[in-house]
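[1] Got a predicted structure here, sequence first:
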Protein chains: 2
Amino acid sequence: MSKLFWEDFYQGRVFEHGPRRLPRAEMIAFAAEFDPQPMHLDEAAARATMMGGLCASGWYLCGIVMRMIVDAFAHDAASMGSPGVDEVKWLIPVRPDDQVRLRATVIETRASKSRPEMGIVRFRHEVVNQAGEVVMWLENPILFGRRGASA
Amino acid sequence: MSKLFWEDFYQGRVFEHGPRRLPRAEMIAFAAEFDPQPMHLDEAAARATMMGGLCASGWYLCGIVMRMIVDAFAHDAASMGSPGVDEVKWLIPVRPDDQVRLRATVIETRASKSRPEMGIVRFRHEVVNQAGEVVMWLENPILFGRRGASA
């Protein structure tokens, strides 16, 4: 068992995952359900927008980040969820069939004062495309169980 | 035509949408794709977690917020997208078949210095459940075209 506890997430530790291709159909299907705006739905309509062509909804990319977090480390960790997100920046449009990878860096860790069985880890999650550009990043805290604590 | 431009989003203006029911199957389908953790996938497994039962992924709720933003006002506005999110707080678990509504309040507006055809509007988006509780909120800037500007 290689299960990860709070103690395993030291400052500066990096987790990587991917690359993962973002198919046009998946991008559009997400937008149709959650973000039906022209730049996310239709190539011709998108060309007339500031984005200059079809691009992924920023919220789809957040979903992709979450999935890569799970696949990279959370599936094998004593993860207890997250209270929120500190900041998200969408920097560069993500296009159909772009290939992206996750680089998750631990930027801070602290024990919980109120819950000794738990600790908090703040991450900076960067999404990097096939050209090596950081297309978005987000920072958020994730809660983890501590090694040896009974939940 | 009631199309909304930057000038229409004055500080304190509130847009509301909903209620919208969040079906169990939709909640689980999202989690299976983007956030496959026990508390979002399986009732029995979720009962053993800190969440005390199946609850929606926070990212699914962000998607629902975005969809309600589009349905409430963005579909009829000169919306030009958003550079990111300032903060998200997930406060109370959202359960299968909860009914939620959006309350979007304009908290700040400013013209763009570099792009005279565009303005920035900062919103606080609150999600309220059937018991009147704010279950989550997020704040973010959205860009809108200005009235009479040629894009």
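    That came through fine. A quick note: this is a predicted structure, and the numbers were derived from the prediction, not measured.
[2] buried sites along the helix or strand hosting residue A:136?
    Assigned by DSSP states H and E, residue A:136 belongs to strand A:134-145. For strand A:134-145, burial by neighbour count (16 or more other Cβ atoms under 10 Å in any protein chain shown) applies to A:135, A:136, A:137, A:138, A:139, A:140, A:141, A:142, A:143, A:144, A:145. (Glycine included, C-beta is placed from N, CA and C.)
[3] Residue B:58 versus residue A:34, what's the distance?
    Between residue A:34 and residue B:58 the computed distance is 14 Å (Cβ to Cβ, to the nearest Å).
[4] Put the alpha carbons of the strand holding residue A:136 into PDB.
    The C-alpha trace of strand A:134-145 is given here as PDB (Å, rounded to 0.1, in the frame of the first residue of the first chain):
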ATOM      1  CA  VAL A 134       0.800  27.100 -19.000                       C
ATOM      2  CA  VAL A 135      -2.800  27.600 -20.300                       C
ATOM      3  CA  MET A 136      -4.400  27.900 -16.900                       C
ATOM      4  CA  TRP A 137      -3.600  27.500 -13.200                       C
ATOM      5  CA  LEU A 138      -5.600  27.300 -10.000                       C
ATOM      6  CA  GLU A 139      -4.600  27.200  -6.400                       C
ATOM      7  CA  ASN A 140      -6.600  25.500  -3.700                       C
ATOM      8  CA  PRO A 141      -6.400  23.700  -0.400                       C
ATOM      9  CA  ILE A 142      -7.100  20.000  -0.100                       C
ATOM     10  CA  LEU A 143      -7.700  18.200   3.300                       C
ATOM     11  CA  PHE A 144      -5.900  14.900   4.000                       C
ATOM     12  CA  GLY A 145      -6.000  12.500   6.900                       C
END
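[5] That one packs against which elements?
    helix A:58-72, strand A:84-85, strand A:87-90, strand A:118-128 (3 or more Cβ pairs under 8 Å, 6 or more residues apart in numbering or on different chains; DSSP states H and E).
[6] ranking those by burial, who's on top?
    Across the helices and strands packed on strand A:134-145, the average number of neighbours (mean count of other Cβ atoms under 10 Å in any protein chain shown) peaks for helix A:58-72, which reaches a mean of 23.
[7] now that one and strand A:118-128, what's the angle there?
    Angle, helix A:58-72 to strand A:118-128, by axes from the mean of the first three to the mean of the last three Cα atoms, to 10 degrees: 120 degrees.
[8] which residues are contacting helix A:58-72?
    Under the criterion Cβ atoms under 8 Å, 6 or more residues apart in numbering or on different chains, residues A:15-18, A:20, A:22, A:27, A:30-31, A:34-35, A:40, A:88, A:90, A:94, A:100-102, A:104, A:125, A:127, A:135-136, A:138, A:142, B:30, B:33-37, B:57, B:59, B:62-63, B:66, B:82, B:84 lie in contact with helix A:58-72.
[9] And for stretch A:75-86?
    Residues outside stretch A:75-86 that contact it (Cβ under 8 Å, 6+ apart) are A:2-6, A:8, A:118, A:122, A:138-146, B:36-37, B:39, B:49-51, B:58, B:85, B:87-90, B:138.
[10] tell me what the helix or strand residue A:19 falls within is packed against?
    Using DSSP H and E, residue A:19 sits in strand A:14-21. Where contact means 3+ Cβ pairs under 8 Å, 6+ apart, strand A:14-21 is packed against helix A:58-72, strand A:99-111.
[11] Kindly reformat the ones you listed as JSON lines containing mean pLDDT.
    Below are these laid out as JSON lines (pLDDT from 0 to 100):
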{"stretch": "helix A:58-72", "mean pLDDT": "98"}
{"stretch": "strand A:99-111", "mean pLDDT": "98"}
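[12] In TSV, list the ones you listed along with distance to residue A:44.
    Converted to TSV, the helices and strands packed on strand A:14-21 look like this (distance: least, Cβ to Cβ, whole Å):
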stretch	distance to residue A:44
helix A:58-72	20
strand A:99-111	25
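[13] out of the ones you listed, which comes closest to residue B:113?
    In terms of Cβ to Cβ, the element of these nearest to residue B:113 is helix A:58-72, at 23.2 Å.
[14] Now find how far off-centre the closest one is within its chain.
    4 Å (Cα atoms, centre = their mean, to the nearest Å).
[15] now stretch A:79-88
    Put simply, stretch A:79-88 sits 10 Å off its chain's centre (Cα atoms, centre = their mean).
[16] next one: stretch A:141-151
    Taking the mean of its C-alpha atoms, stretch A:141-151 sits 21 Å from the chain's own mean (Cα atoms, centre = their mean).
[17] One more: stretch A:101-117?
    For stretch A:101-117 - counting by Cα atoms, centre = their mean - the centre lies 15 Å from the chain centre.
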